[in-house]
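Colleague: Mind folding the following:
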Amino acid sequence: MTSATGGVNEEPIIAHFVAHAEAIVAMEFDNSGMLLLTADRRGHDFHVFRIQPHPASPSLSAVHHLYVLHRGDTSAKVQNITFSLDSRWVAVSTLRGTTHVFPITPYGGQMGVRTHTSLHVVNKLSRFHRSAGLSVEGRSNSPISHSESTTFMQSLQPYHNTTLPPFPRPTIVQALAQLRQPFALGSPPGSAGLVMPGKIGVGSSGISTASQRQRHSSLSDDNGKPLSVCAIFAKSRSWLLEPPNVTREASHRMQRKSVDSLFVMAGHGALIQYDL
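Modeller: Alright, predicted model coming up:
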């Protein structure tokens, strides 16, 4: 990773790390420029990193591996990656014509109702955890219950230095939704599908999973033809398609939601809005 504004005497490299064991075919930064999603040529898993640059030297920078987004066991080539504006959602589209939607957080860790149903990004620790002196894992940080000096010193620090270990371990996340696009408009029912489980859950092993997740294959699995798909998160615009004689309250139109709509366009040229 290099800097575009590096001077003659400045080191252009910000961070250097191994993202995958296979060759990387796609990558995308979020709107803040801190999160980086990478995909290898197999496309089984996508990795989300948080870049922590250091102003003094690139050797002092840190790269946090936050998430491993599991797409599936079949190989697929990634063609489009998009983050939501608040970096709580990411959508990855493959040449199979399927867009996989994953819930994430800008700071890593597990997801739930508290992190993804509010109108804004919440703190990593809830008020209960902060007031009770609990860590993310739920263990007490009180110096009375721990005799180790390192734990005691960490409890006295209000903010952890993100460029120093220990670094967070990645959380494995499965797709919360799979959006399949047809090859042409007017395709028979079932040619385009939506898999949308009802909630975000965390398994007993600490791995975030989507409850009642189903497996569906896209149309390109059968005929092997690639399908061009692109996606982006944006404000809902479905009310623009209503008849002019239909009156709606302005407050309802401007009602804020916890997540923006996902707009997907495939090779047939139709723009489809999905409300998550």
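Colleague: drop to CA atoms for contacts and neighbour counts, all remaining ones
Modeller: OK.
Colleague: which residues of the protein score low on pLDDT?
Modeller: In the predicted model of the chain, residues 2-11, 123-166, 183-224, 238-256 satisfy pLDDT under 70.
Colleague: how about a cut-off of 80?
Modeller: Within the chain, the ranges that satisfy pLDDT under 80 run 1-12, 56-59, 114-168, 182-225, 237-258.
Colleague: all helices of it, in order?
Modeller: Chain-ordered helices for the chain, with DSSP state H as the definition, fall at 113-116, 127-132, 149-156, 220-223, 250-253.
Colleague: got the buried residues for the first one?
Modeller: So that's helix 113-116. By neighbour count, and taking 16 or more other CA atoms under 10 Å as the criterion, the buried residues in helix 113-116 are 115-116.
Colleague: Using PDB, write down the CA coordinates of it.
Modeller: As requested, the backbone C-alpha atoms of helix 113-116 are provided in PDB (Å, rounded to 0.1, in the frame of the first residue of the first chain):
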ATOM      1  CA  VAL A 113     -29.200  -5.600  17.100                       C
ATOM      2  CA  ARG A 114     -27.400  -2.900  19.000                       C
ATOM      3  CA  THR A 115     -24.800  -2.300  16.300                       C
ATOM      4  CA  HIS A 116     -27.000  -2.500  13.200                       C
END
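Colleague: contact partners of that helix?
Modeller: Taking CA atoms under 8 Å, 6 or more residues apart in numbering as the criterion, the residues outside helix 113-116 that touch it are 88, 103, 105, 121-122, 200, 258-259.
Colleague: cutoff 6 Å now
Modeller: Contacts made with helix 113-116 from outside it, assessed by CA atoms under 6 Å, 6 or more residues apart in numbering, are listed as Val122.
Colleague: Could I get the contacting residues of the closest residue to Leu37 other than its chain neighbours?
Modeller: If you skip the residues right next to it in sequence, Leu37 has Val48 as its closest partner in space, 4.4 Å away by CA to CA, 6 or more residues apart in numbering. By CA under 6 Å, 6+ apart, Val48 lies in contact with 36-37, 66-67.
Colleague: which strand residues sit across from Val48 in the sheet?
Modeller: Using DSSP bridges, the beta-bridge partners of Val48 come out as Leu37, Tyr67.
Colleague: Please apply the same query to Ile81.
Modeller: Taking DSSP bridges as the rule, Ile81 bridges to Val92.
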